[in-house]
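Chemist: got a predicted model here, sequence first, then my questions.
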Amino acid sequence: MCGIAGIYGLNDATVATEAVHRMNSCIAHRGPDDEGFFSDERIAFGHRRLAIIDLSPAGHQPMKSSDGNLEIIFNGEIYNFNEARQLITGYDFKTRTDTEVILAAYTYFGKNCLQYLNGMFAFAIWDKNRKELFIARDRLGIKPLYYYRHGNALLFASEIRALLASGMVPRKINHDALSDYFTYQTVHAPATIVKDVLCLMPGHHLTVGEKSFEIEEYWSLNGNRSNEAETQSYQEVCSRVKDLLTASVKRRLVSDVPFGAFLSGGIDSSAVVGLMSQVHTKTVKTFNISFDESKFSEAIYARAVAKRFNTEHHEFVLKPADFLVQLPGALRAMDHPSGDGPNSYVVSKITRENGITMALSGLGGDEVFAGYPIFNRSLRLDDQKWIFSLPTPVRKSLGSILNKLRPGAASSKIKQVLSLEDGEIQNTFPIARRVSHANELKKMLDIKKFPHDAVTAIVNSELGKGKNHLPLLSKVSIAEITTYMQNVLLRDTDQMSMAVALEVRVPFLDFELVEYVLGIPDKYKKPVYPKKLLVESLGDLLPPEIVHRKKMGFVFPWEVWLKNEMQSFCSEKIMSLSKRNFIHRDYLVSRWNQFIKNDPEVRWTDIWICVVLENWLIENAIES
């Protein structure tokens, strides 16, 4: 796990080299173990290293191919690098690193090398003979890659702030992304909050030469899902799921540094820890953050799992005030504004401070194995799709009546669904994920033309790729993975963990496992109880008290903080944001005052996304 930065296409090598040095310094937190640079005609690379595999100087980057033609900078891990290495003949390996395996695979297979790599990665390869730059990102978007084009120049890096540090990227807000941010508490790729800074999409690669610039997709969720499960019995499906997940966990234990696992005591993290204990010979180290308020604490469940698998368990009890102390650091760690993320920062920071450089996480289990309430809601809506045969005015009236009888966010969303022409997932899913209603946005944002809804566009695009007859629950999985998971959860996990130089690996997002599970029929995957298929695939691995307990997650008294300990900070940011040219000042200030006066119509999340955005804009000197 590392940080990469580079510039292609500048005629002045001195300017490019100096800019890359600034970019590299900006991401020093991602790789405190080493740094390196390379420059050649029209190209400059920078690299920060967090040593995980082969800790020797042989792992230094940028790394040269054995014939001297290629140079690579790489962020991530290739889990099957030993297997991939065996496929390559005639290459003179100098190291035992996964980095050199990428170089060898590119030499041997060309761009098709990506089909042989299983891992999380973003890398760039410079071909000296062809004067061509090749950049690729992993299938599920676990590792980030941002870029900016101006004329013939291309700048790219692991973080947006590195691009800004180059001095060559205008610090201007992307007005077209504002409605997306306020609607979904993030900006969906390929767009970012910074004008003209884009994100290379998951499963894509980019090739740039003197007269060419081409982005191609090499993998997609629907286009690459497996049909294997369609002819299998439930027992065969369960066996296959267990084999794939076990293999995924085992791959992710390859490391030359101390590692552990986040353990909340939920199904996903407990499954990962349980499988780790089965495939690893040494005692697993587990980390849990708990709270002294019993209603917020999951510690009892984490302890039960730790005892069952005889882990070396580390439990850290925090008071809400302790978390509040960490909040400034979490805000500084944000590479892109997000309504979420501080939780990941605290867990990562404590884990790293206790000598762990790499940790496994249960992220992705909900998306792959139908863990969110939206999966069951989508099945119920599908069973009741007859309601869309009613005239639209009738459905709208029903929605209005419900909203009056039971006012609240849930009823408001049901009202929006009933106003749709049909109940297809690409239309209902965006409503489920919105944190702000369109009417509210129009009152707050001073924007002449609101762009098309980003989530609707993404889901329509992804479901339209590849194969037909996609199971409904798999449609929801694809919607969740390509929107909330990739643009909130994975982005937050990367920026918050790398802020403290901790590598986080996610076994549930092994592409072979994901491809298989997306092809499983709904009758096998239906969550009769939370993640039934996953639980039954693992046999008696998980105790009943873990499987059937109420899902909790991190809970903090945000509303109280914003009105008390953080009121001054929030007020300052709200007033500052209200002066931006894209905000209706009076409306935002009024909302803030309503919130302070305990108006239930204004949620703390409505305020927090405003505070986070303005804080990020100030920290990074972004003009509006």
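Modeler: Thanks, I have it. Numbering: from 1, shown residues only.
Chemist: contacting residues for Lys573?
Modeler: 610-611, 614-615, 618 (Cβ atoms under 8 Å, 6 or more residues apart in numbering). C-beta here means a position set from N, CA and C on the backbone, and glycine is covered the same way.
Chemist: what sits closest to Lys442 if chain neighbours are left out?
Modeler: Phe450 (7.3 Å; Cβ to Cβ, 6 or more residues apart in numbering).
Chemist: again, but for Val197
Modeler: Tyr148 (5.1 Å).
Chemist: does the one you found really touch Lys172, like I thought?
Modeler: No: between Tyr148 and Lys172 there is no contact under Cβ atoms under 8 Å: 11.5 Å.
Chemist: overlap of the contact sets of those two?
Modeler: Common neighbours of Tyr148 and Lys172 (Cβ under 8 Å, 6+ apart) are Asp196.
Chemist: and the longest helix seen in the chain, how far out from the chain middle?
Modeler: In the chain, with assignment by DSSP state H, the single longest helix is helix 234-251. Taking Cα atoms, centre = their mean, to the nearest Å, the mean C-alpha location of helix 234-251 is offset from the chain mean by 23 Å.
Chemist: note down every partner strand of the helix or strand following that helix and its orientation.
Modeler: Counting by DSSP states H and E, the element after helix 234-251 in chain order, helix or strand, is strand 259-262. Sheet partners assigned to strand 259-262 using DSSP bridges are listed as strand 285-291 (parallel), strand 358-360 (parallel).
Chemist: just say helix, strand or coil for the residue nearest to Lys442.
Modeler: Secondary structure assignment for Phe450 (DSSP: H, G, I helix; E, B strand; the rest coil): coil.
Chemist: please apply the same query to the one 10 residues further on.
Modeler: When states are read from three-state DSSP, the local structure at Asn460 comes out as helix.
Chemist: helix, strand or coil for the residue lying closest to Gln495 once chain neighbours are set aside?
Modeler: Nearest residue to Gln495, sequence neighbours excluded (Cβ to Cβ, 6+ apart): Asp335, at 4.4 Å. When classified by three-state DSSP, Asp335 comes out as coil.
Chemist: what does Ser25 give?
Modeler: Going by three-state DSSP: Ser25 is helix.
Chemist: how far away is it from Arg252?
Modeler: 30 Å (Cβ to Cβ, to the nearest Å).
Chemist: neighbour-wise, which of the two wins?
Modeler: When neighbours are counted by other Cβ atoms under 10 Å, Ser25 and Arg252 differ, and Arg252 comes out ahead with 22 against 14.
Chemist: could you pull out the helices in the stretch 101-250 of the chain for me?
Modeler: Assigned by DSSP state H, counting those that start in this stretch, the helices in the stretch 101-250 of the chain fall at 160-165, 178-184, 234-251.
Chemist: swap in the stretch 401-550 of the chain?
Modeler: Going by DSSP H, counting those that start in this stretch, the stretch 401-550 of the chain shows helices at 409-418, 425-433, 438-444, 454-463, 472-480, 490-498, 511-518, 522-525, 532-537, 544-547.
Chemist: which non-adjacent residue is nearest Ala621?
Modeler: Per Cβ to Cβ, 6+ apart, closest to Ala621 is Arg171, 5.4 Å.
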